[in-house]
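> fold the following, please.
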Amino acid sequence: MTTMTMGRPQREVFGETVAALANDDPRVVVVDGDVGSSTRADIFEKAHPDRYLQMGIAEQNMLGVAAGLATMGLVPFISTFVAFAVVRPLDQVRVLIAQPSANVKITPSYGGLSTGQTGMSHIIVDDIAIMRSLPNMAVVLPADDTEADEVLRWAAAHVGPVYVRLGRDATPRVFGPDHAFRLGRAEVVREGSDVTLISTGGQTARTLEAAELLAAQGISAHVLHVATVKPLDIDAIVAAAGRTGRVITVEEGTVIGGLGGAVAEALGEHRPTRVHRIGLQDVDVQSGPNDALLDIYGLSGARVAEQVRRILAQG
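Take a look at the predicted model:
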């Protein structure tokens, strides 16, 4: 089995990359919701204390302030958990950022199940479904530390609202130093002929692990990484579906309205194909160690492989 190198936590990449961006761009600021030591926005704070704005535990206000800063020509990056960047301040995100297409970078970490036992109130698995429904909002989930750095640099240069879901912990590295992120482009990360697996974010590494396990059992999986859930690379999804005729989406989030929903919508319109969705099945998620939760909810590499085998056996 191929062993992938472990990358660095995306939250650390956030602190370091945004601090580096601020060295060259005086417009870059970080707006923090009193979690800088967790999101590693404290790296930015040490480098640029005059451009680190502490909002406290008042996330609705924080998003409103970020929108105001954007109207003054600044480029604000949001530092908080996914739960407090999407659900708690949703009205501010919708009305003050998405509707006027404000140049705000919503870049929370602690996404999906991998939140370090923060508790049910902090685990949000419907963020992709919510954010992709907002007009003008780009939605991106980098696979690893390499792509996270690229996405953050792209976000700083992009004019308009961006949602980037970052991970808390280190994940296996999917891409090498020569990788180049482009908005709206999905990438084949493993070629296969029996079934197409479509994944996003940190889940892509676990999907590749599942593909290795399947290969050992004679099943050839074609794996497509969709970093940009919105705008969606419809051509790549149609091509991947056409390669095998069988599509299974895999995501660290709810299957209702998330990546699985997006892929099913695209194929329903452009290449009718049966789609199976592996992910959170309309449940409230319990708290626990990351690896245990991934296994419980069927998202570890072994559990994904197990589900793919069962789906294929059904015909």
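> can you give me the strands for this protein?
For the chain, the strands defined by DSSP state E cover 28-32, 52-54, 75-79, 105-106, 138-140, 162-164, 187-190, 195-199, 221-225, 228-230, 247-254, 275-280.
> now the shortest one, how far from the centre of its chain.
Pointing back at strand 105-106 there. 13 Å (C-alpha atoms, centre = their mean, to the nearest Å).
> what do you get for stretch 24-41?
Average the C-alpha atoms of stretch 24-41, do the same for its chain, and the two points are 19 Å apart (C-alpha atoms, centre = their mean).
> mind listing what's buried in it?
Of the residues in stretch 24-41, those buried by neighbour count under the rule 16 or more other C-beta atoms under 10 Å are 27-36, 38-41. For the C-beta atoms, the positions are set from N, CA and C on the backbone; glycine is no exception.
> now it: mean pLDDT?
With pLDDT averaged residue by residue, stretch 24-41 scores 97.
> got the contact list for the lengthiest helix in the chain?
For the chain, the longest helix by residue count, based on DSSP state H, is helix 10-24. Applying C-beta atoms under 8 Å, 6 or more residues apart in numbering, the set of residues contacting helix 10-24 from outside is 28-30, 38-44, 47-48, 51, 77, 79, 107, 109-110, 142, 144-145, 148-149, 152-153, 156, 166-168, 171, 202.
> could you list the buried residues of stretch 260-277?
For stretch 260-277, a neighbour-count test (16+ other C-beta under 10 Å) marks G260, G261, A262, V263, A264, A266, L267, R271, T273, V275, H276, R277 as buried.
> other residues contacting that stretch?
Residues from elsewhere that reach stretch 260-277 (C-beta under 8 Å, 6+ apart): 129, 132, 198, 226, 229-230, 232, 234, 237-238, 241-242, 245-249, 251, 255, 278-279, 311.
> make a ChimeraX selection of whichever of those residues turn out to be buried.
Buried members of those, identified by 16+ other C-beta under 10 Å, are gathered into one ChimeraX selection as follows:
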select :129,132,198,226,229,230,232,234,237,238,241,246,247,248,249,251,255,278,279
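> flag the shaky bits of this structure, pLDDT-wise.
1-3 (pLDDT under 70).
> from the centroid of it, which residue is nearest?
Centroid check for the chain by C-alpha atoms, centre = their mean gives L141 as the closest residue, at 2.4 Å.
> once you drop chain neighbours, what's closest to that residue?
Counting by C-beta to C-beta, 6 or more residues apart in numbering, the nearest residue to L141 once its immediate chain neighbours are dropped is G201, at 3.4 Å.
> who's in contact with the one you found?
Taking C-beta under 8 Å, 6+ apart as the test, what G201 contacts is G111, G112, L141, P142, A143, R165, G167, A227, E251, E252.
> now these in JSON lines, please, with extra columns for distance to E306.
Supplementary listing: the contacts of G201 in JSON lines, determined by distance: C-beta to C-beta, whole Å:
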{"residue": "G111", "distance to E306": "24"}
{"residue": "G112", "distance to E306": "20"}
{"residue": "L141", "distance to E306": "24"}
{"residue": "P142", "distance to E306": "27"}
{"residue": "A143", "distance to E306": "22"}
{"residue": "R165", "distance to E306": "26"}
{"residue": "G167", "distance to E306": "23"}
{"residue": "A227", "distance to E306": "26"}
{"residue": "E251", "distance to E306": "17"}
{"residue": "E252", "distance to E306": "17"}
